[in-house]
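In: Give me a model of this one.
(chains A and B)
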Protein chains: 2
Amino acid sequence: MYRVLLVGLGPLGTRIGRELISRRVGTLVGAVDTAPELAGQPVSKLIARADGGLEVSSSLGEFGQWDRVDAVLVTTSSTVRACAPTFAACLREGKAVVSTCEELVWPWLRERALAGELDATARRHGGRLLGTGVNPGFLMDALPTFLTAVCSEVESVRVERVQDATTRRVPFQKKIGAGLTVDGFKRRLAAGGFGHVGLGESMHLLAASVGLGVARWEERIEPVVAARMLPGVGGEGRIEPGMVAGIEQTATGWDGGGKAVVEMLFHAAIGAEGPRDRALIRGNPAMEMVLPGGVHGDTATCAIAVNAIPSLIAAAPGLHTMASVPMVRHVRGG
Amino acid sequence: MYRVLLVGLGPLGTRIGRELISRRVGTLVGAVDTAPELAGQPVSKLIARADGGLEVSSSLGEFGQWDRVDAVLVTTSSTVRACAPTFAACLREGKAVVSTCEELVWPWLRERALAGELDATARRHGGRLLGTGVNPGFLMDALPTFLTAVCSEVESVRVERVQDATTRRVPFQKKIGAGLTVDGFKRRLAAGGFGHVGLGESMHLLAASVGLGVARWEERIEPVVAARMLPGVGGEGRIEPGMVAGIEQTATGWDGGGKAVVEMLFHAAIGAEGPRDRALIRGNPAMEMVLPGGVHGDTATCAIAVNAIPSLIAAAPGLHTMASVPMVRHVRGG
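Out: Residues are numbered from 1 along each chain as shown, chains lettered A, B, ... in the order given. Predicted structure coming up:
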């Protein structure tokens, strides 16, 4: 049983906390959230089976009981910059830190200097840091990377994730722009903060791990326009032909000679056909891997965050990726 | 460029040596084989691009130049017992040892005491030992194990490898019993040493890595009987209905309550339909992974042996499995 400190008590953090306890993989020894309304509240109000005496701390400094902690789970932000002070504080205590921060899956893409600092801090104090999740963190990067283990040659890799959003939660349907007009979609896109976060990180984790030198890369986001009548958001009303059913996001990486060596397709829409996770390796041997129906994101992200704890603890101190730690796999609780 | 000592200069060892050099992942600094006719021969007679001055040593003792070695590749035998003196000698020199020895993929199954000794030797002297290959070592064990990284629950796992042997090499077709009568197949089976080596190892690597406690297990081998006229071995003649087209090998592992928690199916036959590698995870989320057509074994085993070198060197000293080393993946040569 790992003794875990939870940092971030949003929907994902509390769900991970519940899973950690119910699977008997770990116990909660602390919970930190900066929301003023949570400070001092019993953690068991948010995570029913948490220790009754445990209260939410408003900061790491207030928590303070580092000798009780084996690992820290951080779910506060998608950006490395926002999470960095938390990561650094935990690493200085020599802890293993697993985070669902999307940028941390390959932090050298957007925060090269900060990644170097976090790595140095981790090594100096015996801490360990890993970004994970189902996507980014597994389906579009770590899993296809592992598939290349049997390749004597890899020319290029294409990864696809196609999700049918018809029966997904309303927040997910809204996140992909379902029900908007094409103009509304484009305005939202121009305003920023829209789209799947981490496609560039997935591409770079894969490319760097397999030695596909990416000299230039580009990401594009387009609306998926309904070609037929589709059920509306939350099953209410309808999406008319010509309206937006979802999002299609692609990322392409070219080598120095201008050859596309990595292609990523993320497609999530109401009514999407042939939902799947799929990787195509062009090389020797050439390979295709398909997960028909695809993997449901919410369940899987919580699971992989919990499952990553023992692997990260077994790794050498430093800033890690899903390709540098001993294999993350299902952990059977005690 | 890793400096590699090759132990075993059979078809697999020489092919791995060629690949190591042609991919510029490593250089050969030594080659050992006990065959009297090879002793003192130039290695370049067997591996064209090997250093012209390099000669085959007849033993590790005769080779002796340990300070020139980063890693050792051992391809001498399928059994841990036969390889153990070689492994131990290399581990005492603190080397990283990658082997295609099938039993080494999960040595605790058939050689628990010896595995413990090899692990202790490795830890004492800073050596590292890993058994790998495409099967056992990847398709039926390590890859499905990694797939469970996103599972909060794993009830049971089924893995299938179906190979169409129609266009495979004659030795492979003969190895699976193609062209025999059913009686001839059964006689050969009774004589021993027949069938795919490593299915039990794959099952136990997977089960132990994912925490599926196997209390009892069983392996069965049956002939695949031709139901229609099929092309004969090497494309010569025909396999009549009622004759043997290949082999079907299954392994099942039950938990303490008598529930089948791991099932493995290895089916290789001339005319086999739907060749594939496939894993089914029953759990949360349930998952299916398919590699349509399957992965060709010969190319892949050489590739993964070469690709495992950097991962094993990056691991902590000791006896490893494909699930305990940092992720093995395609290595781009220098």
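In: Just grab the bridge partners of residue A:253 for me.
Out: When bridges are assigned using DSSP bridges, the partners listed for residue A:253 are residue A:217, residue A:262.
In: wait, it sits on residue A:214?
Out: Yes: using C-beta atoms under 8 Å as the test, residue A:253 is close enough to residue A:214 to be in contact (3.7 Å). Quick note: C-beta positions are derived from backbone N, CA and C, even for glycine.
In: Those two - which one has more neighbours?
Out: Ranked by neighbour count (other C-beta atoms under 10 Å in any protein chain shown), residue A:253 and residue A:214 place residue A:253 first, with 25 against 21.
In: Number of residues surrounding residue A:192?
Out: Going by other C-beta under 10 Å, the residues that sit close to residue A:192 add up to 7.
In: correct me, but residue A:301 touches residue A:12?
Out: Yes: Residue A:301 is within contact range of residue A:12, at 7.0 Å (criterion: C-beta under 8 Å).
In: which neighbours do residue A:253 and residue A:214 share?
Out: Between them, residue A:253 and residue A:214 have A:203, A:204, A:207, A:261, A:262 as joint contacts when contacts are counted by C-beta atoms under 8 Å, 6 or more residues apart in numbering or on different chains.
In: Report the contact partners of whatever residue of the stretch 101-250 of chain A ends up closest to chain B.
Out: Going by C-beta to the nearest C-beta, chain B is nearest to residue A:211 of the stretch 101-250 of chain A, at 2.7 Å. Contact partners of residue A:211, counting by C-beta under 8 Å, 6+ apart, are A:154, B:330, B:331, B:332.
In: quick one: which of these sit in strands?
Out: By the criterion of DSSP state E, membership of the contacts of residue A:211 in strands covers residue A:154.
In: Quick check: the farthest pair among the contacts of residue A:211?
Out: Set against one another by C-beta to C-beta, the contacts of residue A:211 have their most distant pair in A:154 and B:331, with a gap of 9.8 Å.
In: Counting neighbours, which of the shared contacts of residue A:253 and residue A:214 comes out on top?
Out: Within the shared contacts of residue A:253 and residue A:214, neighbour counts (other C-beta under 10 Å) peak at residue A:203, which reaches 28 neighbours.
In: thinking again about what came up before, need the shared contacts of residue A:253 and residue A:214 in TSV with distance to residue B:325 and pLDDT, can you?
Out: Converted to TSV, those look like this (distance: C-beta to C-beta, whole Å; pLDDT from 0 to 100):
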residue	distance to residue B:325	pLDDT
A:203	24	98
A:204	23	98
A:207	21	98
A:261	26	98
A:262	24	98
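In: Show me the two of those that sit farthest apart.
Out: Farthest-apart pair in the shared contacts of residue A:253 and residue A:214 is A:204 and A:261; separation 11.7 Å (C-beta to C-beta).
In: so what's in contact with the two at the same time?
Out: Taking C-beta under 8 Å, 6+ apart as the contact rule, the neighbours common to residue A:204 and residue A:261 are A:214, A:253.
In: Quick check: next helix or strand after the helix or strand hosting residue A:124?
Out: Under the assignment given by DSSP states H and E, the secondary-structure element containing residue A:124 is helix A:112-125. Scanning forward in sequence from helix A:112-125 by DSSP H and E, the next helix or strand is strand A:128-131.
In: what comes into contact with that next one?
Out: Contacts of strand A:128-131 from elsewhere in the structure, counted by C-beta under 8 Å, 6+ apart, are A:87, A:91, A:95-107, A:118-119, A:122, A:137, A:201, A:308, A:312-313, A:315-322, A:325.
In: Now residue A:208: phi and psi?
Out: For residue A:208, the backbone dihedrals are phi -70, psi -40 (criterion: degrees, to the nearest 10).
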